[in-house]
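K.L.:
sequence plus the predicted model coming up.
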Amino acid sequence: MSNRRIAEAAGQGSNSAVGYHIGTKADLVAEIIRAHAVPMDRMRERMLVRAERSPDPRARIACLVVPVTRHLAELGVPSWYARFAAQISVDPGLRTVAVNEATSTPAMRRTMDAVLACVPGEAASLRAGMVRHLIIHTCADREQELADGNAPATGTWPRTGALLIDAIAALLAAREDPA
């Protein structure tokens, strides 16, 4: 999105207002991610206390997924954050900013460490990327379906979260083939 469009959406007449108040596009992306991370991390912290004592890896996976799906549910319809995250995740110039911001909080680092401790073999970083894409793009698809009025009656955010937890658990538990 151009600074002109950002200024228009913010009700500003001057494109330079974006740079003056926000800084660079990367600064804007980082600030949006931080703003959404705060409520998700509060929930993630509470969940981690129980999950770290649980032998079930799904409890740790839920710490990744449930704060996201619950936050998106709380945003209402239409919301834009999941689609924003999906768009940023494939932007070569902003992807690193987005990943760094989203994974920089202590709660998220603890969660990722706990989840990846369950991964067999040397594929942890590759599978971490797969998990990130699965969560981001599944949520973006659900958000779009809700905005379009095309979400199935059973397609609630809690149901989406439960399906994501199942899929991620299977992905992380898959045997690594040495091929």
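P.N.:
Good, I have the coordinates.
K.L.:
show me what contacts the closest residue to Thr156 other than its chain neighbours?
P.N.:
Nearest residue to Thr156 in three dimensions, chain neighbours excluded: Ala73, at 7.7 Å (C-beta to C-beta, 6 or more residues apart in numbering). C-betas here are computed from N, CA, C, even on glycine. Ala73 sits next to 156-158 when contact means C-beta atoms under 8 Å, 6 or more residues apart in numbering.
K.L.:
just give me the closest of those to Ile22.
P.N.:
Trp157 (29.6 Å; C-beta to C-beta).
K.L.:
how much space between Cys74 and Pro39?
P.N.:
I think there's a mix-up here, since residue 74 is Glu and not Cys. Distance, Glu74 to Pro39, using C-beta to C-beta, to the nearest Å: 8 Å.
K.L.:
who has more neighbours out of the two?
P.N.:
The neighbour comparison of Glu74 against Pro39 (other C-beta atoms under 10 Å) goes to Pro39, with 14 against 10.
K.L.:
SS state for the more buried one?
P.N.:
Under DSSP: H, G, I helix; E, B strand; the rest coil, Pro39 falls in the helix class.
K.L.:
wait, doesn't it sit right on Val68?
P.N.:
No. Using C-beta atoms under 8 Å, Pro39 is not in contact with Val68; the gap is 10.5 Å.
K.L.:
if we can go back for a sec, just the ones of the contacts of Ala73 in helices?
P.N.:
When DSSP state H defines the helices, the subset of the contacts of Ala73 inside them is 157-158.
K.L.:
ranking the contacts of Ala73 by neighbours, who comes first?
P.N.:
Trp157 (21 neighbours).
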